[in-house]
Every structure is written in structure tokens, then in C-alpha cells.
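# A predicted structure for the sequence below; I have some questions about it.
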Amino acid sequence: MTSPSSNSIWLYRYSLLVVFATVLLILAGGLVTSHEAGLAVPDWPLSYGQMMPPMVGNVFWEHGHRMIAGTVGILTLVLTLWVQFGKKCARIKKLAWLAMGAVVLQALLGGLTVILLLPPAVSIFHACLAQTFLCLLVALAFFLSPPFVSAGLAPAAASASNTGTAQRPWLFKFWVLIFAAVYVQLILGAIVRHTSPSHAVVFHVIWAFVVIGLIFLGVRAVLVTLPERQGPARTALTLGLLVIVQFFLGLGAFLYTQVLAHGYAPRTAEIFFASAHHTNGALVLALSLLLTLQVRE
Amino acid sequence: MKKFMFVLMAGLFVCSQAALAGNVTGSAAFSGTAPAKTEIVMAADPTCASLHTEPVYTEEAVVNSNNTLKNVFVYVKTGLEGKTFPAATTPVSFDQNGCHYMPHVTGVMVGQPLEIINSDSTLHNVHSLAKESKEFNLGMPIKGMKIKKTFEKPEIMVKMKCDVHPWMNAYVGVVSNPFFAVTGEDGSFEIKDLPAGTYTLAAWHETFGEQTAEVTVADGQPATANFSFSG
């Protein structure tokens, strides 16, 4: 057991800040889609040929999304460099560079959606990569966390010496399965959001019940199997709560986007439910990954 | 002398064509309950809001006081197959004015310029959702800016929208001949100089769909085609 240095603690706190900023970015992206503002700024990387166009109408949402994205890009670069020079573990460094690569690719995909006028395939890829990027940052923050550092475990060492799952390998495998199921749901959700009319909504709804069932079984398994470990138990309970919230947000989003007639512009309730469902879905995915990593520890 | 003969022959040809053509007039009647008007809230762009002192309504279903429909696009659906018409060179005006498209429905020939104007002191993007022609999305941030665009293939209808101001949308009918019209404040239309023959005319409305009518144009005689929509 080693005590984490002050630098490590600040690096961990900074990684949490980047995770938080990324959740905000995902929310901002959801608001762009919900406001149908994806093409409100027809050029890229500039906006109407400027760095800062008048923030009127839907330009506010699209250019605001670009500004937050730029900030997250810079935050990620700083995180990557900090890990590069402040950490010895090669795998953590690779993970940081992978996150950096993901955010650069994400920016390019964002530009492509504008230039190619929102082709569904690019938009769906952009939506999925956003949440994959969040997962990379969550994993990075987990490996930079004081308990993990205190245990003196690098990711490679952890996989070889973990004691929790050595006795319960099924629990880790089960959470890998749950994470995969949530990721599939994310892809289906992205297809629903970026195609119209979308038949994928049927699969998205059916698969939601599968995911809810799996998560509740997984949460129960964690609480029963690892009652002595506060971290996984806390994550499991939060995840269970978020899944319940997600179910009701999904109902609202379904009602407003698929059932009720549309007005000349998206309604406030439609924007709220669709964006909140989208962002909460990202949190469910991120917590599923966190719990998977925690039970593996 | 040769030049004079050429002009004379050309003149005779034009006159003979006119004599063998006729005007088609008619109207788009509406029966049933007129849809409730939806007031547009322009608060998202203070410049747009400041341009109006009176309420502004959406135009997806404008019923005139004489129970006719405004913004119905009337065009020749069949009867002109095999005939080609050179694209008109006069641009069709399509103005962004008061954060509204003017007109809401218009028509243009394949290859004819559509002159898109920004008369507002706020920025717009004009986004064509054409399926048959190349889709485009252009920024028009400056008041007085003009852009000319053409469409490569016929299409009923091409939706135009401003993604900055979600209430702004309009429709452009793209046809391969000059015989089309849009109903106005009295619901009437006139298609001029349609060559003699039998045609199917179609009347398209964004909310009430499409109606068709058979019409025969003979020896320069006026013809009538009326359409009836119900709500």
C-alpha cells in the first residue's frame, strides 16, 4: 500500500473535472439535436466565418456546443500531458492518449456532420463516440483514483492480482455483459435520434427492458456479493436509481417525439425529455463501466 | 434580306404557337373547419421579434376569407411528356424578410435561378432539403446578401428551412416547364399559354395533400380547372 502524492490527488481531481465537462458536452450535444440546430451554423470550423457569431436563435445551441467541445478538447490535452509527465504506468498513458485521439476524431466527425448536412451514419457515429469518449475518461479517472493508486495497482497489475474477482470471476463477466448491453442500447438510441421515421425505436424499447432487467440483477449481485465494499455498493445503488429515472425519461421522450404531433418548432417538454434521456443514458453507461471496473478491482 | 426573313419566320412561329395555346384559370376551394392559426414566438431572436408589431402566424394552412386556400402550387402533372422547354433566365425571388420566407410557396423551372435574398438585419441560413437535386445549406449573415441557386431535376416539392429560426420554412416546386402557378389571397391561379392539348393538372398543398383535375386546352380558348380541398 502506497500513499498517493499531492500531484496524484490533483491529477485525479482534474480528471473528474474533465469527466464533468464531458457530461456537460454530451448534454449540449443532446440540446443541439433536440432543438434541430445541427445545421444552424452551415460552416465549420468557423461559424459564419467568425470565431464568435451572434448567438441568436439556434446558433446559440450549435455554436455553444462547439465552444464547450473546444474547452473539453483543451482540458483533455492538458490531462493527457499531465498523465504523460506525471505517471509511470504505460497503460494509463496509452489510455490518456486514446482519449485524446477520441476527442480529436469526435471534433472531425462533428465537422463532417455539418459539411455533409447531417448524414445519419456520421451523426450516429458522432453520438456513439461522444459516450465512448466519456467511458475512456471515466476509466482514466478510475485508474487515477486514490484508492487505486494507494493499492499500488496499475491496470495490468490489477488484472493479475485482483482478489475480489479471483473468487467471483462471474461477477466481473456479468458486468462486462451488462456494459455491452447498455452500449448496444446507446447505439439503438442514437439511431432513433438521427433517423426519421425510425423503426429502431421498437428495438430500443424492447432492449430497454432487457437492460433494465440485467442492471437490476447486476446491482443485486453486487450488493449481495460485495456488501463489505462501499465503493461498488454506492455505485450500484446510484446506477439503480438512474435506471429508474431513465425509464421515465424514456417514456416522456417517446411520448413527445414519437406519439404527439409536432409543432412548428420543438416544444420545451420534448427538448427536456429527449435531452435528459440522452444525458442520463450517458451516465448509466459511464456508471456501468465504473461498476465493471470496481468489481474487477 | 435573309436576316429579315429569319425574323419574320420567327415571329410567325411565335404567333402560331400563341394561337395554339390557351390560359388555364381556376381556384382551390376549401371546405370544412379551418385549422386554428398558430402564432409564432420569435423571442429566440430579438431582431426578428422587433420586426413585428402584430402577431405573426404559421402558414401551413392559410384559408382565405372566400373559403379558398392560399399557397397551393398548381402544375402540369401529365400531358407534356417528350416536350422540352428552355429554362427561364429570369430569377425567381425568394426573400428572407421579417424572419419569414416570402413567398411561402413558389415555383421554379429546372435550371432557372432562384434568387435567395436576406432582407433582415439578422443572420439566416437557407437550407434546401432537395432529394432529387443537390441539397445545400448556405449562411446568409449580412443584410442585403443575395445568392442564386438552381435545381437540377424536377421535384414536387423542395422544402426550404432556416435552421437558425425553426419557424421559417417554405416550399419550392421544381418543374421542367414554365406552366405552373401558386394560389394567392383569393385562392385563384392562372397558367398562361399552355399549348393546346389534354392535361392532368395537380394542385399541391403542404397540409391537405394533392388534388388532380383533367383539363383540355383547345385553339387558344381559355380553360378552367377547379380544385377542392377539405379540412
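Arrived safely, thanks for sending. Numbering: from 1, shown residues only, chains lettered A, B, ... in the order given.
# chain B against chain A: which residues are in contact?
By C-beta under 8 Å from any C-beta of the partner chain, the residues of chain B that approach chain A are B:38, B:40, B:44-48, B:58, B:60, B:122-123, B:125, B:127, B:135, B:137-139, B:141, B:163-167, B:169. Bear in mind the C-beta positions are built from the backbone N, C-alpha and C, glycine included.
# leaving out sequence neighbours, find the closest residue to residue A:37.
Excluding its sequence neighbours, the residue lying closest to residue A:37 (C-beta to C-beta, 6 or more residues apart in numbering or on different chains) is residue A:58, at 3.5 Å.
# measure how buried the one you found is and give me the count.
27 (other C-beta atoms under 10 Å in any protein chain shown).
# check residue B:116 too.
Residues contacting residue B:116 under the criterion other C-beta under 10 Å number 24.
# part of a strand, is it?
Yes - under DSSP: H, G, I helix; E, B strand; the rest coil, residue B:116 sits within a strand.
# relative to chain A, how far out is it?
Distance of residue B:116 to chain A, given as C-beta to the nearest C-beta, to the nearest Å: 13 Å.
# help me confirm that residue B:219 comes into contact with residue B:196.
Yes - under the criterion of C-beta atoms under 8 Å, residue B:219 makes contact with residue B:196 at 6.2 Å.
# quick check: neighbours shared by those two?
Common contacts of residue B:219 and residue B:196, defined by C-beta atoms under 8 Å, 6 or more residues apart in numbering or on different chains, comprise B:20, B:22.
# out of these two, which sits in the busier spot?
Legend: neighbour count by other C-beta under 10 Å for residue B:219 and residue B:196, higher for residue B:196 (16 against 9).
# for chain B, what is the nearest residue in the stretch 101-250 of chain A?
Distances between the stretch 101-250 of chain A and chain B by C-beta to the nearest C-beta are smallest at residue A:117, namely 5.5 Å.
# sec struct for that residue, please.
From three-state DSSP, the assignment for residue A:117 is coil.
# now it, what are its backbone angles?
Dihedral pair for residue A:117: phi 60, psi 50, per degrees, to the nearest 10.
# next: the one 10 residues further on.
Per-residue torsions, residue A:127: phi -70, psi -40 (degrees, to the nearest 10).
# point out where chain B drops to low pLDDT.
Applying pLDDT under 70 to chain B flags residues B:1-19.
# now do the helices in it.
B:2-19, B:46-50 (DSSP state H).
# now chain A
Going by DSSP H, chain A shows helices at A:6-34, A:59-86, A:90-115, A:120-143, A:146-150, A:155-161, A:164-167, A:169-194, A:200-225, A:230-254, A:268-296.
# give me the number of residues near the residue lying closest to residue A:217 once chain neighbours are set aside?
Computed as C-beta to C-beta, 6+ apart, the closest residue to residue A:217 that is not its neighbour in sequence is residue A:174, at 7.8 Å. By the measure other C-beta under 10 Å, the count of residues near residue A:174 is 18.
# how much space separates residue A:50 from residue A:41?
10 Å (C-beta to C-beta, to the nearest Å).
# and those two? Which one has more around it.
Taking other C-beta under 10 Å, residue A:50 and residue A:41 do not tie; residue A:41 has more neighbours (27 against 12).
# need the contact list for the residue of the stretch 101-250 of chain A closest to chain B.
If you count contacts by C-beta under 8 Å, 6+ apart, residue A:117 has them with A:39, B:127, B:135, B:137.
# out of the residues you listed, which are inside strands?
When DSSP state E is applied, those are split such that B:127, B:137 fall in strands.
# tell me the two of the contacts of residue A:117 that are most distant?
A:39 and B:135 (10.1 Å; C-beta to C-beta).
# could you chop chain A up by domain?
What automatic domain parsing lists as the domains of chain A is A:1-159, A:162-297.
# make a markdown table from those domains and add mean pLDDT and distance to residue B:149 to it.
Converted to a markdown table, these look like this (pLDDT from 0 to 100; distance: least, C-beta to C-beta, whole Å):
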| stretch | mean pLDDT | distance to residue B:149 |
| --- | --- | --- |
| domain A:1-159 | 93 | 13 |
| domain A:162-297 | 93 | 24 |
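# how about these in TSV, adding distance to residue B:174?
What follows is these, written out as TSV (distance: least, C-beta to C-beta, whole Å):
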stretch	distance to residue B:174
domain A:1-159	18
domain A:162-297	23
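# circling back: of the residues of chain B next to chain A, grab the buried ones for ChimeraX.
The buried residues among the residues of chain B next to chain A can be selected in ChimeraX (16 or more other C-beta atoms under 10 Å in any protein chain shown) with this line:
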select /B:40,44,45,48,58,60,122,123,125,127,137,139,141,163,164,165,166,167,169
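# restricted to strands, list the residues of chain B next to chain A.
Per DSSP E, the residues of chain B next to chain A map to strands at B:125, B:127, B:137, B:138, B:139, B:169.
# among those residues, which two are most distant?
So, these by C-beta to C-beta: farthest apart are B:139 and B:169, at 17.4 Å.
# so what pairs up with the nearest residue to residue B:67 once chain neighbours are set aside in the strands?
Leaving aside its chain neighbours, residue B:67 sits nearest to residue B:30 (5.4 Å; criterion: C-beta to C-beta, 6+ apart). For residue B:30, the beta-bridge partners are residue B:229 (DSSP bridges).
# my guess is residue B:30 meets residue B:229, correct?
Yes - in this structure, residue B:30 is within contact of residue B:229 by C-beta under 8 Å, at 5.2 Å.
# pull up the overlap in contacts between the two.
By C-beta under 8 Å, 6+ apart, the residues touching both residue B:30 and residue B:229 are B:69, B:208.
# of those two, which one has the most company?
Each of residue B:30 and residue B:229 has its neighbours counted (other C-beta under 10 Å); residue B:30 has more, 25 against 22.
# quick one: contacts for the more buried one?
Shown in contact with residue B:30 (C-beta under 8 Å, 6+ apart): B:63, B:64, B:67, B:68, B:69, B:187, B:208, B:228, B:229, B:230, B:231.
# and the residue nearest to the fourth one when sequence neighbours are not counted, how far from residue B:171?
Read it as residue B:68. Nearest non-adjacent residue to residue B:68, counting by C-beta to C-beta, 6+ apart: residue B:187, 2.1 Å away. Going from residue B:187 to residue B:171 by C-beta to C-beta gives 17 Å.
# likewise residue B:46?
Applying C-beta to C-beta to residue B:46 and residue B:171 gives a distance of 28 Å.
# cool, residue B:116 as well?
14 Å.
# shared neighbours, residue A:39 and residue B:135?
Both residue A:39 and residue B:135 are contacted by A:117, B:127, under the criterion C-beta under 8 Å, 6+ apart.
# tally of neighbours for residue A:125?
Number of residues near residue A:125 (other C-beta under 10 Å) recorded here: 20.
# shouldn't it be in contact with residue A:108?
No - Residue A:125 is not in contact with residue A:108 according to C-beta under 8 Å; the separation is 10.7 Å.
# so in terms of bridging, what pairs with the residue most central in space within chain B?
Among the residues of chain B, the one closest to the centroid is residue B:106, at 2.0 Å (C-alpha atoms, centre = their mean). When bridges are called by DSSP bridges, residue B:106 pairs up with residue B:172.
# who are the neighbours in contact with it?
B:92, B:94, B:170, B:171, B:172, B:173, B:182.
# can I get stretch A:178-190 in PDB? Just the C-alpha atoms.
Taking only C-alpha atoms (Å, rounded to 0.1, in the frame of the first residue of the first chain), the coordinates of stretch A:178-190 have been written out as PDB:
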ATOM      1  CA  ILE A 178     -24.300  -5.500 -18.800                       C
ATOM      2  CA  PHE A 179     -21.900  -2.800 -20.000                       C
ATOM      3  CA  ALA A 180     -22.100  -4.300 -23.500                       C
ATOM      4  CA  ALA A 181     -25.900  -4.400 -23.300                       C
ATOM      5  CA  VAL A 182     -26.000  -0.700 -22.300                       C
ATOM      6  CA  TYR A 183     -23.700   0.100 -25.100                       C
ATOM      7  CA  VAL A 184     -26.000  -1.600 -27.600                       C
ATOM      8  CA  GLN A 185     -28.900   0.400 -26.200                       C
ATOM      9  CA  LEU A 186     -26.800   3.600 -26.700                       C
ATOM     10  CA  ILE A 187     -26.300   2.700 -30.400                       C
ATOM     11  CA  LEU A 188     -30.100   2.000 -30.800                       C
ATOM     12  CA  GLY A 189     -30.900   5.300 -29.100                       C
ATOM     13  CA  ALA A 190     -28.500   7.100 -31.400                       C
END
